[in-house]
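Engineer: Next come a sequence and a model predicted from it.
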Amino acid sequence: MNADLQGLTSLQVMDKIVNYAGSIGLKVILDRHRPDSSGQSALWYTSAVPESTWITDLTALATRYAGNSAVVGIDLHNEPHDPACWGCGDPATDWRLAAERAGNAVLAANPNLLIFVEGVQTFNGSSYWWGGNLQGAGQYPVQLSVPNHLVYSAHDYATSVASQTWFTDPAFPANMPGIWDKNWGYLFNQNTAPVWVGEFGTTLQSTTDQTWLKTLVQYLRPTATYGADSFQWTFWSWNPDSGDTGGILKDDWTTVDTAKDGYLTTIKSPSFGGTPGGTGGGDTQPPTTPANLTVTATTATTASLSWTAATDNTAVTGYRIYRGTTLAGTTTTTSYTDTGLTPATAYSYTVVAYDAAGNTSPASTPATATTTTSSGGGSTGCTAGWHTDTTWTGGFNATVTVTNPTTTPTHGWTVTWTWP
């Protein structure tokens, strides 16, 4: 499909990419993502790829692109994690010292490059995302031979990559700015060094992830207000085949996911489609109101609801079901069963639709469900629910929870489901 690449070495193919990027005004940061084609390594070296090879390769690339204005920097190693440490002083595991050795070697070969240094996983017993923990950089800064060429880089993700305790904190999402401040934001806020959020992304399939991305974009300082005095960033990823995040491009590798891209509008450079003066994502149109909310069944402890699907200019992502003013749950379908209710009690429900940009519809017309009188028996009333824990291309892990809402033992229950 690319006849002009046939017969070229991998370095010659990279030359083609770099030179074309430069011709259209794009800048390139070379990323030492992995030592080889195997999995991600915790340290910057392995038994097969020693530190000397790492530094030799980085230096060779720095030399190769010296004088090429498209290449502005090198990210020395992707996502160091335990047992990598920061400031511990052990040359075999102290990532900060290794970054100084490699960074100074790169600058000796090409003093014009920026040196991007990611964080680690754990510092003083406090753990965060791989490569995202820069808590130690304030106390133990990276010291390079060329001043003002250091950029700290953090990686930050949502639940589609892994569940973390801060996502289930009752204070979420108000707790997130403090977490970001602690791990990497303080370096920028205190004017210690530039900070580049080198990777952040999500599939946007869960409400938590949508809230997380909207909160993070606000934290990164919209360009309409702060201009260039903002955190710098690159989104993970452009390509759609990252199993736990997806991409800006849809699966046809051509169409832009406008809902996902819309979240980033206010923090883009205006030349890349940013919207100076914008207040949120590029999509600001809310879904229509869910109609025909109906109670389809009740038991002593459950109420089942259904409604007519809402519509949206992009797509409806899901629905929030409210019991009075309390959020009872969410669903991506047009039906929901609320559980754990009190027998012989009336409950008022409404449903709100939302899209991937966080726009919400007006609430539906209320519907009242009255639970039946408790039978007191032990053979009815079981409920089941499930949620996805992790996903990847071709598979997923999920948790199925079966609940007996009474204190009476029950027998003979069966869980069934339909694969989507």
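Structural biologist: That came in fine, so what should we check first? This one's a predicted model, so the numbers in the text were calculated from it and none came from an experiment. Residues are numbered from 1 along each chain as shown.
Engineer: use CA for all of it now, contacts and neighbours both
Structural biologist: Will do.
Engineer: From the chain's centre, how far out is the host helix or strand of Met14? Work that out for me.
Structural biologist: In this assignment (DSSP states H and E), Met14 forms part of helix 10-23. On the basis of C-alpha atoms, centre = their mean, to the nearest Å, helix 10-23 sits 29 Å off its chain's mean C-alpha point.
Engineer: Let me see the mean pLDDT of that helix.
Structural biologist: For helix 10-23, mean pLDDT rounds to 93.
Engineer: which residues are contacting it?
Structural biologist: Helix 10-23 is touched from outside by Leu5, Lys27, Val28, Ser69, Ala70, Val71, with contacts defined as C-alpha atoms under 8 Å, 6 or more residues apart in numbering.
Engineer: from what I can see the third one touches Ser69, true?
Structural biologist: No - under the contact definition of C-alpha atoms under 8 Å, Val28 does not touch Ser69, with a separation of 9.1 Å.
Engineer: related to what we said a few turns ago, let me know the closest of the contacts of helix 10-23 to Thr202.
Structural biologist: When those are compared for distance to Thr202 (C-alpha to C-alpha), Val28 wins out at 23.0 Å.
Engineer: Who are the contact partners of that closest one?
Structural biologist: Neighbours of Val28 in contact, by C-alpha under 8 Å, 6+ apart: Val18, Ala21, Ala70, Val71, Val72, Gly73.
Engineer: now for these, which pair is the farthest apart?
Structural biologist: Counting by C-alpha to C-alpha, the most remote pair of the contacts of Val28 is Ala21 and Gly73, 14.2 Å apart.
Engineer: Looking at those two, which has the bigger crowd around it?
Structural biologist: Legend: neighbour count by other C-alpha atoms under 10 Å for Ala21 and Gly73, higher for Gly73 (22 against 15).
Engineer: what mean pLDDT does whichever strand or helix holds that one have?
Structural biologist: Using DSSP H and E, Gly73 sits in strand 71-75. Strand 71-75 comes out with an average pLDDT of 98.
Engineer: strand partners of that strand, parallel vs antiparallel please.
Structural biologist: Each strand paired with strand 71-75, and its direction, by DSSP bridges: strand 28-31 (parallel), strand 114-118 (parallel).
Engineer: what's downstream of the last one, the next helix or strand?
Structural biologist: Translated: strand 114-118. Next element after strand 114-118 (DSSP H and E): strand 122-123.
Engineer: where are the low-confidence patches of this structure?
Structural biologist: Scanning the chain for pLDDT under 70 picks out the ranges 270-283, 356-358, 374-381, 419-420.
Engineer: Checking Thr208 next. Helix, strand or coil?
Structural biologist: Using DSSP: H, G, I helix; E, B strand; the rest coil, the structure places Thr208 in helix.
Engineer: ok, now which ones touch it?
Structural biologist: Thr208 touches Ala158, Thr159, Phe167, counting by C-alpha under 8 Å, 6+ apart.
Engineer: Run a quick neighbour tally on the second one.
Structural biologist: The tally of other residues near Thr159 (other C-alpha under 10 Å) stands at 24.
Engineer: can you offset everything so residue one is 175?
Structural biologist: Okay, using 175 as the starting number, the last item reads as Thr333.
Engineer: quick one: it and Asp383 touch, right?
Structural biologist: Yes - the pair Thr333 / Asp383 is scored as a contact, 6.2 Å apart, by C-alpha under 8 Å.
Engineer: residues shared between the contacts of those two?
Structural biologist: Common neighbours of Thr333 and Asp383 (criterion: C-alpha under 8 Å, 6+ apart): Thr376.
Engineer: what comes up buried for stretch 212-224?
Structural biologist: Neighbour-count burial for stretch 212-224 flags Ser215, Ala216, Leu217, Trp218, Tyr219 (criterion: 16 or more other C-alpha atoms under 10 Å).
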